[in-house]
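Student: Just to be clear, the model below is a prediction. Sequence and coordinates:
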Amino acid sequence: MTFQFRKLTLKNWLVYGDRETVIDFTQFNSGRNLVVFHGQNGFGKTSLLRALWFLFSDDYKDDALVEMWNEKERASGEGELEVALEFLYRDKVWVLSKGAYFELRGSRIAVNPFTKLWIDGCEIRDQIDDQISRVIPKECLQFVFFDGAEITRYAQTQYEDGVKEAIELMLGIPAVRNLRHDLGRIISELQEEQQEILLAEQQNNELAAEVERLEEMKVSYEERLKDLTKKQDSIQAAQEKLEKEAAQLEAIQAEQEALREKQSRRANLEERRDELDAQIDDLIQSAPVRMLMRPLEHVIEEAIAQQEASSRLEKYRLRKKLIEELLEEADCICGRPIDEHIDTHFGNEIKRLDSIIDSQNANPNSINQRDLISLQSIVDQLANNPVDGKELYDRRALYIQQIEEIDTDIERLRDRLGDNESIQVQELLEQQRVTAEQLQNVKHEIGVVEKNLEETQKKLKEKRREVDQTTGTTDRGKGIARTLEVTRGLLAASEQFVERLVDRKRRAIEDITSNIFKKITNKPQEYAGVRVRDDYTLEVYRHDSSTVDNSQLSAGEREVLAYSFITALNLSSPTPAPFVMDTPFGHLDSVHRDRLLKSLPMLKVQVLLLATDRDLPPAERGMIIPYIADEFEIKRDQFNKVSYIKEAE
Amino acid sequence: MIKLDPTRKFFISEDLIGYADKLIEEGTFRRRVDLLLVGFSYAVKNQIQPADEYQRHELIYVNNLKDALLPIEATANWYARKLGYQLENDSQLLEFICEVGIAGTRSLQDLWRERRKSQIQWDVLQFVTESDNLK
Amino acid sequence: MNNDYQTAEEEYSLILEEVAKEFQVDTRLLHSLIEYEQSKVHLLKRRGAKNDLRQIIERWIEEQTS
């Protein structure tokens, strides 16, 4: 362990009074890395945390220092405040002491701050703040000295400004990036010097011009490449956005499909209903005649009767005519003479026949044969095609009901789809196609530019070699050429260093975060691990690879996720710092708390726990006893209003 | 049997025009004359006397009735006889048909009151079914 | 609880050695340059960084040739 605390001294710091509070930490050995401070709320746990922040940051102004000065001392107007830490860092003993002297000048307090640093017993007088920043950059303090309740911000899907930079700082990435940048500048400087030497000789002008031309070309290709890469990034971002939209659209599409299906079913039912409507309308139109079926049958019956009567009438006429003819003869056809009696009888018969014939002739209602046939056929047709109006009507009512039901469904689907109904799949597919095409074009262009750049760089390298040779004839030139050679090598190495560092750090954090998270989570069957995105934000994924929306995690899960991450971050930094956690388990359920506690001894760093009894009940404390190196109690002298720390009994 | 002059027009009473138009607008009947004829058949079925007070409002030509014309003429002749009317000529027959139609329609208007299309069509279909069953 | 988490210090040195070997540069030289940058990383303006680094490189070359 290359970084550990050895002694912390507090004097007049916040709740801690003028009685010097000295905390001696046991030398860390691999079995025991936990230091526990037990303290009730308001006794001074957070004051301890703030003391460490104070030591490693440089933004405390005079007013702030007065605020930090113990209240009781402040009342006297004069005195001093000091926080000192002795720690082992990269095999050297550092003693850092910060504080201020206060003096009353008139009504105001004059502040005279001081910062002192000794490394291995030597007092450092220059750039003390720089030295301190090397140990823990102030931007990274948030990852090592923290309040358990505040760390959940690292479980967000987006970081606040500066967090990503702080993370990279923690990982030691900016230093290598800066080296890459500075080496580039050194090379430019050296090459300019070479150009100067070259231009001093007339015959080298052409070579100098060629180098300059190639250099310009290189710069222009590089710029072009930068632009294209930016363009590529934005197209890819657009593509991702479209993919997300497409996923949303899939869901919408399913609903749209359902809507279309309903609409088509509705159209179908509507068509059938319309057909029935037409049938019913036809039926209504034919209703007057259909309603007359019975009278018509009477009419036809009567007509037939009339026809029979009229044939009988003909018979009567014939009979009358026969009798009249007979009366004109002397004898009857039977041979008997027609006497008076017979004559009277015939006369009566003629009268009777006349009256029948007269009565028949008087009927003006007779229907002619043609009309009768027509009527007969109309009635027959109607009788043979009875219409069940009720059935038609029931059927139509059913269709209407089904249409109404579908309308409700359609309404519901439309409500759900809202504005999205208008999103056209075709449109999206077209956009996706266009974006893919753009991306392909840009990629192609990048390929071309890269090739040109490569060629130019190759040519430039050759020319540079030529320049090295040409200018290498003088001592100065030779020196420059050699420095250039070494620096170019260093630049190439540092470029590769940055790439590998960023990549491996991210993966390392991902591995460690996943590892810790899986050990602590109470859902190990569900959660498979944590992904660390390019911007270092986190994403929990399940065993089936699906991701968990951070907002779906419980408060405790978010805290565990954040804890896993910052632990991973610290462990991935070049020199992991001791962890200081203030009330770390306040928001965790007992399962998470126990699991987190069990994971602490696995960290290869000193872990300082500032805990209330609620954070660390006796049973839980019992669990970690084998790993506790030191145990302190924060006490409060209520009468004198000062806190002090003593070793736990 | 007296037959109608195809070049004459059916008529309905002025008081029924508004009602007829309302039913046509709702889609219950296609034409005003259809309502008149349903009224006629309803009157025949229920032995309603022809209307005697009305203001004529002419409808379509008689020959527009096509296939329905003959059964209406035949029934009207028969019904007039049944009621003891002596019809002398075609114009009397036309008047008789329309007057019976008007009387029947008035009864139906009374029967249907606030009823809407579907209820009225349902009723008409019931009349038809009843006639079929009576056979 | 013996599967302790590895710290990153070794990994850092590992990458350093890897790239130094690949690009045939001196590991110590590269390391000292990075150390220098690390001491300056928190400063807003790293004034003189370029000259300091050039000096470190030139001094190293001198040491090599002498």
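Tutor: Great, that's in hand. Numbers count the residues shown, from 1 in each chain, chains lettered A, B, ... in the order given.
Student: what secondary structure does the closest residue to B:Asp90 other than its chain neighbours sit in?
Tutor: Using Cβ to Cβ, 6 or more residues apart in numbering or on different chains and skipping the chain neighbours, the partner closest in space to B:Asp90 is B:Asp5 (4.5 Å). (C-beta placed from N, C-alpha, C; glycine too.) Here B:Asp5 takes the coil state, with states given by DSSP: H, G, I helix; E, B strand; the rest coil.
Student: ok, B:Asp5 to chain A distance?
Tutor: Note on B:Asp5: its distance to chain A, by Cβ to the nearest Cβ, to the nearest Å, is 16 Å.
Student: what phi and what psi does the backbone show at that residue?
Tutor: Here is the backbone geometry of B:Asp5 (degrees, to the nearest 10): phi -80, psi 110.
Student: okay but it is in contact with B:Glu73, surely?
Tutor: No. Using Cβ atoms under 8 Å, B:Asp5 makes no contact with B:Glu73, being 11.0 Å away.
Student: Compare the two and say which is more crowded by neighbours.
Tutor: The neighbour count for B:Asp5 versus B:Glu73, taken as other Cβ atoms under 10 Å in any protein chain shown, is higher for B:Glu73 (24 against 14).
Student: which stretches of chain B form helices?
Tutor: Using DSSP state H, the helices of chain B run over B:14-26, B:32-45, B:69-83, B:90-112, B:117-134.
Student: For the longest one, name the packing helices and strands.
Tutor: Applying 3 or more Cβ pairs under 8 Å, 6 or more residues apart in numbering or on different chains; DSSP states H and E, we find helix B:90-112 packed against strand B:9-13, helix B:14-26, helix B:32-45, helix B:69-83, helix B:117-134.
Student: For chain C, what's its nearest residue on chain B.
Tutor: B:Ser118 (79.7 Å; Cβ to the nearest Cβ).
Student: Among the helices and strands packed on helix B:90-112, which comes closest to A:Met217?
Tutor: A:Met217 lies closest to helix B:14-26 among these, at 84.4 Å (Cβ to Cβ).
Student: Could you tell me the phi and psi values at the residue nearest the centre of chain A?
Tutor: The residue lying closest to the centre of chain A (Cα atoms, centre = their mean) is A:Asp549, at 6.9 Å. When read as degrees, to the nearest 10, the backbone of A:Asp549 gives phi -70, psi 130.
Student: go on, A:Tyr89?
Tutor: Backbone torsions of A:Tyr89, given as degrees, to the nearest 10, read phi -140, psi 120.
Student: so it touches A:Phe56, yeah?
Tutor: No. A:Tyr89 is beyond contact range of A:Phe56, at 11.7 Å (criterion: Cβ under 8 Å).
Student: got any residues that touch both of these two?
Tutor: Common neighbours of A:Tyr89 and A:Phe56, using Cβ atoms under 8 Å, 6 or more residues apart in numbering or on different chains, are A:Val135.
Student: Excluding sequence neighbours, find me the nearest residue to B:Leu111.
Tutor: Per Cβ to Cβ, 6+ apart, closest to B:Leu111 is B:Asp123, 7.6 Å.
Student: Can you check the pLDDT for the one you found?
Tutor: Listed pLDDT for B:Asp123 reads 87.
Student: For it, grab the count of nearby residues.
Tutor: With other Cβ under 10 Å as criterion, B:Asp123 counts 17.
Student: State the distance from it to A:Met293.
Tutor: 17 Å (Cβ to Cβ, to the nearest Å).
Student: now do A:Lys116
Tutor: 123 Å.
Student: so who does residue 40 touch?
Tutor: Defaulting to chain A. Here A:Gln40 is in contact with A:612-613, A:634, A:636 (Cβ under 8 Å, 6+ apart).
Student: my bad, the chain I had in mind was chain C
Tutor: Going by Cβ under 8 Å, 6+ apart, C:Lys40 touches A:130, A:175, A:178, C:46, C:49.
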